[in-house]
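Visitor: what's the 3D shape of this:
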Amino acid sequence: MVRKTTNMDETPPSSDPKPDDWRNNLDSDSAEYMLRDFWEKYSRKVKVGVATAGLLMTTMASCYTIPNDSVGIEKTFGRYSGTTKPGLHFLIPMVESVNEVQNQAIFTESFGFRSVKPGVKSEYLGVSEINSGTASKDQLQEIIEGEGLSTDGDLAEKARSILRGEYLMLSGDLNMADVEWIVQYKISDPVAYSFNIRNAKKTLRDVSEAVTRVVVGDASIDEILTTGRADIEIDVKKKLQDKLRMYNTGLEVVLVQLQSSNPPEGVRPSFNAVNSAMQEKQQKINNAMEQYNKEIPKARGDALATIQNAEGYASQRVNNAQGDVARFRQIYAEYKNAPAVTRNRMYLEAMPDILKNSKQIFYLEQGNGNSSLLLKKLDLDGGAK
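Guide: A predicted model of the protein is given here:
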C-alpha cells in the first residue's frame, strides 16, 4: 500500500476565484455585474471627485460674509471668541461658529395692534379690523403664534383677546383707557444681546408693557388722552431703557410713541360728545378772548388819545390865557400913562376884526347946528350916505 505524502511547504491550490473570475460567474445584465464593472473603470475618478467635493464643502463652510449693517459674533466650542466687522471672514468648521447680529438696523414692536405692511402707506391690524372681518386667517395665526399660543379654536376671538390685553389699561384716577403704542429699538451691544438674553423680542415686549402700565397708572385720564401724551412717552422711554440696561440686554430704545389713546369702545360715543362740548366751550372762550384782545387795546388806545388831546387842549388854553393876561397887563400899564391915546389905539385895532366880515356898516353922526344924531350907512365902495 503506497501512501501519498504531502509536502508541508507546498501551498494547496486556492479555492478563491481570481479577480476576473466574477465576470465569468455573474450575468452581464445583472446589477451587481454593472456596478462592479463601473467601479473598476471609474473608481479612481470617483475617489478624486469625492475628495474634491469634500474639500470644496470644507472651504465653503469655513468662509462667511457679514453685511454692512451687521457684525459677526464668533464662538469657539460655544464660547465667545471675538467680534468680526462687515466683510469676508474665515473660521474652522466644527470648531468655530458665528452668529450675525444686525447692530445698525432699527426694529419696531407694536402694542395693541400689529403692522401688516410697513412703509410709506402702512397698513395696520387691530381689533376694529378683526371685528369687521377684514383680517385674514394667516394674520390672525401670526398674532396668536407670536404669543406662543395654540391656533386651535376661534382665531378671531384669540387674536382679539391678545390685542385687548395689551392696550386696555387703568389710569391713575381709576378710569379705563385704550392705549396703543410702538417701541423702536436697536442692538447697541451685540455681545450682551447674543449671550445675556434668550429671546430679545419677548423680553423687550414684556418689559415695555410692564413699564407702560406703570407710567399710565400714574397719570390721569385727561393726561393720557390729551395733554400728557408727550410726557408719558418720555417717561416710558427713560424707564424702559433703565430696565433694559439693568438686565444687560444690549438693546437701546430709540423711540416710544403713543399711536392712539381713547376711552374704551363702549363709552367712546359719550366721551366724544363730552369732549366735543368741551372743545366747543373752549372755542367760544378763545373767540371771546380774541374779541377782547382786539377791542380792549383799541379802547385803551382811544382813551389814551382822548386824554392826550384833552391835556394838549388844556395846555393850549392855559397858555393862551396866560398870554392874554400878559398882554392885558402891558396894555393896562400903557393905559394908565395915556388913557385917551391907548383907548383910541385899542379901538382902532379892534375895529378891523369886528368889521371884516360885515356887509353893511352903520354909524352915528351929530347933525349940523343941533344936538340930534344922524344914523348913516357907510358905503364900502364910495363913502358915507
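Visitor: which residues pair with the residue nearest the centre of the chain across the strands?
Guide: Residue closest to the average C-alpha location in the chain (CA atoms, centre = their mean): residue 257, at 6.6 Å. Assessed by DSSP bridges, residue 257 has beta-bridge partners residue 182.
Visitor: right, and it touches residue 182 too?
Guide: Yes. If you go by CB atoms under 8 Å, residue 257 and residue 182 touch, sitting 5.4 Å apart. Bear in mind the C-beta positions are built from the backbone N, C-alpha and C, glycine included.
Visitor: ok so, going back, for the residue nearest to the centre of the chain, what are its contacts?
Guide: By CB atoms under 8 Å, 6 or more residues apart in numbering, the contact set of residue 257 is 181, 182, 184, 233.
Visitor: Could you do residue 63 as well?
Guide: Neighbour list for residue 63: 88, 89, 90 [criterion: CB under 8 Å, 6+ apart].
Visitor: On the three-state scheme, the second one is what?
Guide: Meaning residue 89. strand (DSSP: H, G, I helix; E, B strand; the rest coil).
Visitor: Relative to residue 96, how far out is it?
Guide: Noted for residue 89: a distance of 10 Å to residue 96, by CB to CB, to the nearest Å.
Visitor: just the strands in the chain please.
Guide: Assigned by DSSP state E, the strands in the chain fall at 63-66, 71-76, 79-84, 87-90, 96-101, 107-111, 114-117, 123-125, 168-170, 176-187, 251-262, 361-366, 373-379, 383-384.
Visitor: picking that back up, among the contacts of residue 257, who's most crowded?
Guide: Neighbour count (other CB atoms under 10 Å) singles out residue 181 as the most crowded of the contacts of residue 257, with 25 neighbours.
Visitor: how much space between the closest residue in space to that one that isn't next to it in sequence and residue 207?
Guide: Spatial nearest neighbour of residue 181, excluding adjacent residues (CB to CB, 6 or more residues apart in numbering): residue 258 at 4.8 Å. Distance, residue 258 to residue 207, using CB to CB: 17 Å.
Visitor: what does residue 321 give?
Guide: Here residue 321 is placed at a distance of 88 Å from residue 207 (CB to CB).
Visitor: and if you look at residue 47?
Guide: From residue 47 over to residue 207 the distance is 58 Å, taken as CB to CB.
Visitor: quick one: which of the two has more around it?
Guide: Shown here are residue 47 and residue 207; by other CB under 10 Å, residue 207 has more neighbours (22 against 10).
Visitor: nearest residue to that one other than its sequence neighbours?
Guide: The shortest distance from residue 207 to any non-neighbouring residue, by CB to CB, 6+ apart, is to residue 243 (5.0 Å).
Visitor: and that neighbour, how many neighbours?
Guide: 18.
Visitor: Verify the stated contact: it with residue 212.
Guide: No. Counting by CB under 8 Å, residue 243 does not reach residue 212; the two are 11.4 Å apart.
Visitor: ends of stretch 196-203, how far apart?
Guide: 11 Å (CA to CA, to the nearest Å).
Visitor: Just the pLDDT at residue 367, thanks.
Guide: Here, the pLDDT recorded for residue 367 equals 64.
Visitor: just residue 220 next, same as before
Guide: Note on residue 220: pLDDT of 92.
Visitor: Quick check: beta-bridge partners of residue 74?
Guide: Here residue 74 sits in beta bridges with residue 82, residue 98, as judged by DSSP bridges.
Visitor: Would you mind measuring from the nearest residue to residue 196 once chain neighbours are set aside to residue 48?
Guide: Spatially, and ignoring its direct neighbours in sequence, residue 196 is nearest to residue 248 (5.0 Å; CB to CB, 6+ apart). Distance, residue 248 to residue 48, by CB to CB: 52 Å.
Visitor: Residue 246 now?
Guide: Taking CB to CB, one finds residue 246 at 59 Å from residue 48.
Visitor: do the same with residue 214
Guide: The gap separating residue 214 from residue 48 is 69 Å, by CB to CB.
Visitor: again, but for residue 313
Guide: Note on residue 313: its distance to residue 48, by CB to CB, is 123 Å.
Visitor: Also residue 348?
Guide: As judged by CB to CB, residue 348 and residue 48 stand 150 Å apart.
Visitor: now do residue 145
Guide: 49 Å.
Visitor: follow-up on the earlier one: reformat the strands of the chain as a markdown table; add distance to residue 281.
Guide: As requested, the strands of the chain are exported to a markdown table (distance: least, CB to CB, whole Å):
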| stretch | distance to residue 281 |
| --- | --- |
| strand 63-66 | 61 |
| strand 71-76 | 57 |
| strand 79-84 | 61 |
| strand 87-90 | 65 |
| strand 96-101 | 55 |
| strand 107-111 | 34 |
| strand 114-117 | 38 |
| strand 123-125 | 33 |
| strand 168-170 | 28 |
| strand 176-187 | 23 |
| strand 251-262 | 21 |
| strand 361-366 | 77 |
| strand 373-379 | 81 |
| strand 383-384 | 86 |
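Visitor: Which one of these lies nearest to residue 156?
Guide: Among the strands of the chain, strand 123-125 comes nearest to residue 156, with 11.5 Å by CB to CB.
Visitor: Which elements pack onto the closest one?
Guide: strand 114-117 (3 or more CB pairs under 8 Å, 6 or more residues apart in numbering; DSSP states H and E).
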